[in-house]
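Asks: prediction below, plus the sequence it came from.
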Amino acid sequence: MPLTNLSKIAEITVSGQITDATTQEPLIGSTVLIKGTSQGTTTDLNGNYTLTVADQSAVLVFEFVGYEKQEILVGSQTRIDVSLKSSSLELSQVLVVGYGSTTKKDMTGSAKSIKSDDFNKGIINSPEQLIQGKVAGVNVTSATGEPGGSQSITIRGPGGVRTGSTPLFVLDGLALDNSSTGGATNPLTFLNPQDIQSIDVLKDASATAIYGSRGANGVVLITTKKGKAGFSSMTYSGSLGISNLTNPIDIFTADEYRQEVPKVGGVLEDLNANTDWQKEITRTAMTRNHNVSLGGGAGKLTYYGSFGLQQQEGILKGNNLNLYTGRLNVSQKFLDDRLNLDVNLNVTNTFNQRPPIGSMLGNAISTNPTYPVYGTDGLPFKYQSGTNPLVTLGLEKDLTTINRVIGSIAPSFTIVKGLVYKLNFGIDNATSTRDLQSLANAVPKQDGRLESIYTINRNKLIENYITYTFNNDVHGLTVLAGHSYQKIFIQGRSSSINRFPISPIEPIYNPGLGQELTLVTNRPGGYALINELQSFYGRLNYQFRDKYLLTATVRADGSSKFGENNKYGVFPSVSAGWRIAEENFMKGGPFSELKLRAGWGQTGNQEIPSKITQPLFTSAVSAGTSYPLTETGTFPAGTTFTRLANPDIQWEVSTQYDLGLDFALFKGALAGSVDYFNKVSNNILLEVIPADPVQPAASIWTNVEDMTITNKGLEIDLSYRYRAASGFKFELGGNITFIDNIVENSPYTVIPSGSASGSGLTSATINGYVNGQPIGTFFLREFTGFDDKGLSTYRDTDGDGVVSDKDRISAGSALPTKMYNFYTVLSFKGFDLRANFNGVSGNKLYDNTANTNFYKLRLSKGINTTREATLFPNESINNAAPVSTRFLKDGAFLRLNNLSLNYQFNTEALGINKYVKGLNLSVTGQNLWLSTKYDGYDPEVNNDRSINGISSYGIDYLSYPKAKSIIFGLNVTF
């Protein structure tokens, strides 16, 4: 066709009828939309529709509540009749599982799939935030409000001591290593949320056992977007976010401070200013996001490519996170479609600039508010009795640059019909440089210092597996068998230089200016480790008449982390399902889907320090490693054991039972699931004191066989969807989890896991693992008030007349006993309004910030506090504030996580549909509202206060505040 005639191609009018695939009855009020636009229509009383499209490349989307959605390319067709199959909404969706996929209705384990359309909106730094509140049994906690900061995620509760609670993340078939890639940045920050198609969460052992030794904490499968054959598109999405401090701590204003200090007998130093120091260290932060993606394909080739840029300012001054991402996913078919080749490549550059967060916040909440911010010279005012937070900001800097490349190639070959071989080879390579710089300064006096840390994290995976599939009207069979080998190499090096002169040249740009190069204070450091994992695995899925389901898996894992006598562990699982709705006695009833599931399985946990099975020696000349051979002689060099060999160490084992019910009523309009689970972890890996006191090492690593950690609970997930003939759509859903955790048969009364910080508190134990109590139990002296001298009193629990550590009590846990989330969606004529809420209850939170700063003694010394310091009139100004239940608070909250309003323009009505397929504007509010009794910055916090590598929970100490954000977005598809 001549080019001059292309613009004269007439619009195409398409008509047809939409019916039920089973009954052939017309579906009245079904919607027909042109994909990528808000242009569409609904069917009449006979199920008929008529719609005009721009050209043959248009794709029509056919939808009706309770039925599976269909997408059809118009092409040369003018009549398209569609028969929609009855569905049960989430029960019919496709789930990605280990080494394959299935549908929700055929799933016998407990799993949940979240698609990109349902992700949380807002300023997102890592994939955990996308699914916060979306999955029952999954608790996502933003440990900090810092851009790119760590996220804590647990699936059905934590089950280990030194092994953490982070699930295994698998990106497009590549199992990621949870180790840090450098700096204080979340390792998962590298992934652009715009590139993610779906996130599938595998929760119970029957679903996760295929990942064996790493499945005890659950598995999160991330699938990135792929191209589609038949059409091509280019999409630009951009957003501008405006963030502010959500909830400043209510410390005394300057006027209040002037009144309160004399009241408690303090000496008031008043420099006549009225300074809000929290306001001075924070700012209105801007976040800019730009993403361009290309997708499509023709014939045997499909592709998806993207480039993303995120520039995020933190609400603390001097904090910036810049993220540059690039992705290319390509699929090509060969040999009459028998050979399919998938190639995925992701490249990320991350630059993170951090201020001295702890000291800035600590100074901002404690500095005298009558001090001025700036002196007469226009520079930050300097005073002898403290430190101006802006001076600290100017002197300290933390810079991290991370380059990460992840690539995989996955060819699959159909040997004969139903028999497919697949190879998966992937590499994840990350390098980082972190510079910690302190400038030399006169007031306050400090020597300049530069410390540089270099990290390499390399992860290689090669897998070979074969899948056989057979289906007929009665039987369905899928058999999988495979082998996997993964090698992880981690290396770190550090160096430092002290005593830089006061100079306009920063040490980071010329380390040679440092004047102290002695090895005493600047000895280079380093470490390296290699972890290898070899696995053999298999799975069998069987269906009989599409209503009786059976799944069995087994994986044998061998790890270099474990002893010579226990290199391999075997992890089996079995589960079954009964689709009751398919039975004849259920036909014609209200249930469009009703399925009973039951499963049992074992998984392992190998996330422990490397080399602990091997002996470790140290050679030094000291009283601890040698002894004198004569009364007056010197100590000779000595070599002693630091760690004894233990060839019997093996995996922690988690045994889990799950009983579930999936259901859908009214053709899927109301759907949900209920699950009861019981997960018991044993063979707990622990560093213990040797039973024999005559030992060359102070402690040994071992499996504590009798010790168990149990998580059991109930999950309920519900959703209701309504669609009116007018096009109005309404959706309401949510989930709630009731969960109990208990530690039993520990060899210790308490295993400390959380320590305090601050003057006079350093290293004091706050919480830990207590027999008969949940993980994260606060083990504290019980505060009972004050004596006649105004000094703190504590309960003498053992009645010996002396209050000591023996009188500590179990005062609650940091783990919530209830997690709940709910959402609503309203849509009409291009408008789409979504709201997501999430909350927890039953948990406590230790306010280490208040423990350090907010008591009367501090105020009497001219240090600013909150009204918490004057809460007790009879408290003496000489009263100290040790760790106790005085600062233990309720950690429950309910949060409006995000609220978004979108409008999809009708590009045909605007006359731009030939060039613009879709145009969407949105405004999103993030963290707009919070209900809580907690009076700190935010109750959703978890500072890392671990002791000897034991995970800590529920401690707040000078945590980076969370921001309230408004984001304006634009999405255009060409």
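Replies: The structure has been received and is ready for your questions. Numbering: from 1, shown residues only.

Asks: can you list the low-confidence ranges for the stretch 501-650 of the chain?
Replies: 620-629, 633-635, 637-638 (pLDDT under 70).

Asks: now do the helices in it.
Replies: Taking DSSP state H, counting those that start in this stretch as the criterion, the stretch 501-650 of the chain carries its helices at 519-522.

Asks: show me where it has its strands.
Replies: With strands called from DSSP state E, counting those that start in this stretch, the stretch 501-650 of the chain shows them at 525-544, 548-559, 568-579, 591-605, 616-620, 638-643.

Asks: mind giving me the packing neighbours of the third one?
Replies: Based on contacts counted as 3 or more CB pairs under 8 Å, 6 or more residues apart in numbering; DSSP states H and E, the elements that strand 568-579 packs against are helix 205-208, strand 548-559, strand 591-605. Backbone N, C-alpha and C define where each C-beta goes, glycine included.

Asks: quick one: strands adjacent to it?
Replies: Here strand 568-579 has these sheet partners by DSSP bridges: strand 548-559 (antiparallel), strand 591-605 (antiparallel).

Asks: most tightly packed of those?
Replies: Burial of the strands paired with strand 568-579 is given as mean neighbour count (mean count of other CB atoms under 10 Å); strand 591-605 ranks first at a mean of 23.

Asks: chain center to that strand, what's the gap?
Replies: In this view, strand 591-605 has its centroid 25 Å away from the chain centroid, taken as CA atoms, centre = their mean, to the nearest Å.

Asks: do the same with stretch 770-787
Replies: 29 Å.

Asks: what is the end-to-end distance of it?
Replies: 30 Å (CA to CA, to the nearest Å).

Asks: what comes up buried for that stretch?
Replies: Of all the residues in stretch 770-787, those buried under the rule 16 or more other CB atoms under 10 Å are 770-771, 773-783, 786.

Asks: ok, now stretch 690-710?
Replies: In stretch 690-710, counting by 16+ other CB under 10 Å, buried: Ile700, Trp701, Thr702, Asn703, Val704, Met707, Thr708, Ile709, Thr710.

Asks: which member of the residues you listed is positioned nearest Lys203?
Replies: Checking the buried residues of stretch 690-710 against Lys203 with CB to CB, the nearest one is Thr710 at 16.0 Å.

Asks: what is the closest one paired to in the beta sheet?
Replies: In this structure, Thr710 has beta-bridge partners Val680, Ile742, where bridges are defined by DSSP bridges.

Asks: and of the strands paired with strand 568-579, who's closest to Asn902?
Replies: Nearest of these to Asn902, taken as CB to CB: strand 591-605 at 29.6 Å.

Asks: now the helices and strands packed on strand 568-579 as CSV including distance to Asn403?
Replies: Rendered in CSV, the data for those read as follows (distance: least, CB to CB, whole Å):
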stretch, distance to Asn403
helix 205-208, 32
strand 548-559, 28
strand 591-605, 30
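
Asks: to Pro882, which of these lies closest?
Replies: With respect to Pro882, and counting by CB to CB, the nearest of the helices and strands packed on strand 568-579 is strand 591-605 at 35.4 Å.

Asks: which residues touch Gln614?
Replies: Neighbouring residues of Gln614 by CB atoms under 8 Å, 6 or more residues apart in numbering: Arg643, Ala645.

Asks: please begin residue numbering at 9 from this point
Replies: Happy to do that; since the first residue is 9 now, the last one works out to Gln622.

Asks: next, it: phi, psi?
Replies: Main-chain torsions, Gln622, degrees, to the nearest 10: phi -100, psi 150.

Asks: before we move on, the earlier item: nearest to Ser158, out of the strands paired with strand 576-587?
Replies: Counting by CB to CB, Ser158 lies closest to strand 599-613 out of those; the figure is 19.6 Å.

Asks: pull the CA atoms of the closest one into CSV?
Replies: Presented in CSV, the C-alpha positions along strand 599-613 are these (Å, rounded to 0.1, in the frame of the first residue of the first chain):
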residue,chain,number,x,y,z
PHE,A,599,-20.3,-21.6,45.1
SER,A,600,-18.5,-21.1,41.8
GLU,A,601,-15.4,-22.4,43.5
LEU,A,602,-14.8,-24.3,46.7
LYS,A,603,-11.6,-26.1,47.3
LEU,A,604,-10.1,-27.7,50.4
ARG,A,605,-6.3,-27.9,50.8
ALA,A,606,-4.0,-29.7,53.2
GLY,A,607,-0.3,-29.9,53.2
TRP,A,608,2.8,-31.0,55.1
GLY,A,609,6.4,-30.3,54.4
GLN,A,610,9.9,-29.6,55.7
THR,A,611,12.2,-26.8,54.7
GLY,A,612,15.6,-25.6,55.9
ASN,A,613,17.5,-22.5,56.8
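
Asks: check contacts around Phe315.
Replies: Going by CB under 8 Å, 6+ apart, Phe315 touches Asn299, Val300, Ser301, Thr333, Gly334.

Asks: and it, what's its pLDDT?
Replies: Note on Phe315: pLDDT of 96.

Asks: so how far is Phe359 from it?
Replies: Spatial separation of Phe315 from Phe359 under the definition CB to CB, to the nearest Å is 16 Å.

Asks: then Gly106?
Replies: Distance, Gly106 to Phe359, using CB to CB: 35 Å.

Asks: more neighbours: the two, which one.
Replies: Neighbour comparison, Gly106 and Phe359: the larger count goes to Gly106, with 26 against 16 (by other CB atoms under 10 Å).

Asks: wait, what's in contact with the more buried one?
Replies: Going by CB under 8 Å, 6+ apart, Gly106 touches Val178, Leu210, Thr216, Ile218, Tyr219, Val227, Leu229, Arg547.

Asks: which one (most neighbours) among these?
Replies: For the contacts of Gly106, neighbours were counted using other CB under 10 Å, and Thr216 has the most, 33 neighbours in all.

Asks: count of residues packed around the closest residue to that one other than its chain neighbours?
Replies: Nearest residue to Thr216 in three dimensions, chain neighbours excluded: Gly223, at 3.4 Å (CB to CB, 6 or more residues apart in numbering). Other residues near Gly223 come to 29 when the count uses other CB under 10 Å.

Asks: my guess is Gly223 contacts Lys211. True?
Replies: No. With contacts counted by CB atoms under 8 Å, Gly223 stays clear of Lys211, the gap being 10.3 Å.

Asks: nearest residue to the residue nearest the centre of the chain in space, please, no chain neighbours.
Replies: To find the centre residue of the chain, average its C-alpha atoms and take the closest one (CA atoms, centre = their mean): that gives Glu136, at 3.3 Å. Nearest in space to Glu136, with sequence neighbours left out and distances taken as CB to CB, 6+ apart, is Gln159 at 4.3 Å.
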